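Chemist: Here is my input; please provide its structure:
(chains A and B)
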Amino acid sequence: MYGWIWRHLPGPLPVRILEATVLAAGVVALLLFVVFPWIEPKLPFNNVTTPQ
Amino acid sequence: MPSTPPRGPGTPPGGALGRPLNGDPEPQTPGRRPHPGPPPGAPQGPPGAPPDATRYTSAFSGSLPPAGPARPPRPPRPRPVDPPTEIIKSVDDDYDDYEDEYDDYEDDDYEDDEPPPPPPDSAARKTVRTVGELLITLGLVILLFVVYEVYITDLISAGKQDDATSALDDKWGANTVQGGDPQRQAQYDLVEGEAFAKMYIPAFGPDYKFSVVEGTSDKHLEIGPGHYVNTALPGAPGNFAVAGHRVGKGAPFNDLDLLNACDAIIIETKTEWFVYRMLPKANEVAGWAQSDKAKDPKCGKVSPLGAPYDKTVGQEIVLPTQGEVIDPVPHFEGEVPQAQQVALLTLTTCHPRFSDKQRLIVHAVLTQGYPKAEGFVPEEFKEQ
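Modeler: Next comes the predicted model:
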């Protein structure tokens, strides 16, 4: 999978490294700001209230 | 030439090797001269051996006469030199694949210059590799989630808490009421998601300060501790109940389990200070009157509250479904007129840490109230 991505990145090596870094940062940002906030309430970690 | 004959017999594979290559084109001088490529010799070694011997003889006897005259100018010698270098290599490679014995001695000679090309990826190999990569990725994502829960949400919540605090300060600063009028207590304008009070717990350090917002949904609790809607207000009879996160999101109640009986929890509203003190824990109730804490003047008003509050102790751990802990009279099934209710503060958070299996509950009782005044700070802040 990663090999496939690497082979399909255009440009010479430094450009590829830059592209790969940007790609990884994008995935991390997507996880931190979209996926995790969405999934977190569904997980049994942070329920601190009792019913009224 | 004299050296060649001995060599052939001495190195059977070598001699054999040379033979097939040169044998056909040049039966005479063939195999011996070039270092014999080993692999080809292998298969033919046994059969080749006898011919070898005969060949020498025949070479000397049979071929000599005819070749005798031509010998001096003979060009064939250089000839064998060319083919062996190329041909031997390719033959060698072929044999390497299935003939291990030859790898043992020939590897060093031939494989150094040319590493074997990687085998082509089969579908199974690709599948296994992709699955492995996905599993590693999943592990990293889960690690990232832990980092998010424990650290990143803290950062996000800190920003929201700051916003709520500055909004509250603006509101309070807009028209400060000096010398709080008790009648004004009811005039909080409670808007869900907006802060309306500040909470301080000196035992957690001088920097422990949170703005309490109205509402206890996930969205509200991201900002800070949240006041259960419709429970009592600060200082009022009944149960002022507040929920807060224990891990991440600012973790206002991270150390709630370390709070001890008689520790002060200070609530600041627009017009007043309210000092609540934690009630004795269940195991302290019996000996409370004799304990050192009970003799401490500041704890004068802290003591087990008789019926109907006999089940209300400083700290308890309950099931998530036990909503009675934030009732006006916790654990009491019956009506108590509001005038006879004690002013309680209840804090709820998750327990154990990182889990929502249970709830950690802390009950405190109102012991002191001060009107806010310019420059006045309750002495309870000095307690550490």
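Chemist: alpha carbons only for contacts and neighbour counts from here, please
Modeler: Fine.
Chemist: Please identify which helix or strand holds the closest residue to chain B within chain A.
Modeler: Closest to chain B within chain A is A:V48: 4.3 Å, counting by C-alpha to the nearest C-alpha. Using DSSP states H and E, A:V48 maps to neither a helix nor a strand.
Chemist: can you tell me which residues contact it?
Modeler: B:243-246, B:348-350, B:356, B:359 (C-alpha atoms under 8 Å, 6 or more residues apart in numbering or on different chains).
Chemist: Name the residues of stretch A:15-22 that are buried.
Modeler: Under the neighbour-count criterion of 16 or more other C-alpha atoms under 10 Å in any protein chain shown, stretch A:15-22 has A:16, A:19-20 buried.
Chemist: For that stretch, the averaged confidence score.
Modeler: Taken as a whole, stretch A:15-22 carries a mean pLDDT of 95.
Chemist: Name the residues of chain A found near chain B, please.
Modeler: A:1-2, A:32, A:36, A:41, A:44-52 (C-alpha under 8 Å from any C-alpha of the partner chain).
Chemist: if you set the cut-off to 6 Å instead, what comes out?
Modeler: Contact residues (C-alpha under 6 Å from any C-alpha of the partner chain) of chain A with chain B: A:1, A:44-45, A:47-52.
Chemist: tell me, which strand in chain B spans the most residues?
Modeler: Assignment by DSSP state E gives strand B:358-371 as the longest strand of chain B.
Chemist: And for that strand, what's in contact with it?
Modeler: Contact with strand B:358-371 is made by B:179-180, B:272-279, B:301, B:314-320, B:343-351, as judged by C-alpha atoms under 6 Å, 6 or more residues apart in numbering or on different chains.
Chemist: What of stretch A:1-13?
Modeler: By C-alpha under 6 Å, 6+ apart, stretch A:1-13 touches A:16, B:130.
Chemist: need the residues of the stretch 151-300 of chain B near chain A, please.
Modeler: Counting by C-alpha under 6 Å from any C-alpha, the positions of the stretch 151-300 of chain B adjacent to chain A are B:A243.
Chemist: Just the helices from the stretch 151-300 of chain B, written as ranges.
Modeler: B:153-174, B:218-221, B:292-295 (DSSP state H, counting those that start in this stretch).
Chemist: quick one, phi psi at the nearest residue to B:A158 once chain neighbours are set aside?
Modeler: Once flanking residues are discounted, B:A158 sits nearest to B:G250: 6.2 Å by C-alpha to C-alpha, 6 or more residues apart in numbering or on different chains. Dihedral angles of B:G250 (phi, psi; degrees, to the nearest 10) stand at phi 90, psi -20.
Chemist: roughly how far apart are B:G250 and chain A?
Modeler: 12 Å (C-alpha to the nearest C-alpha, to the nearest Å).
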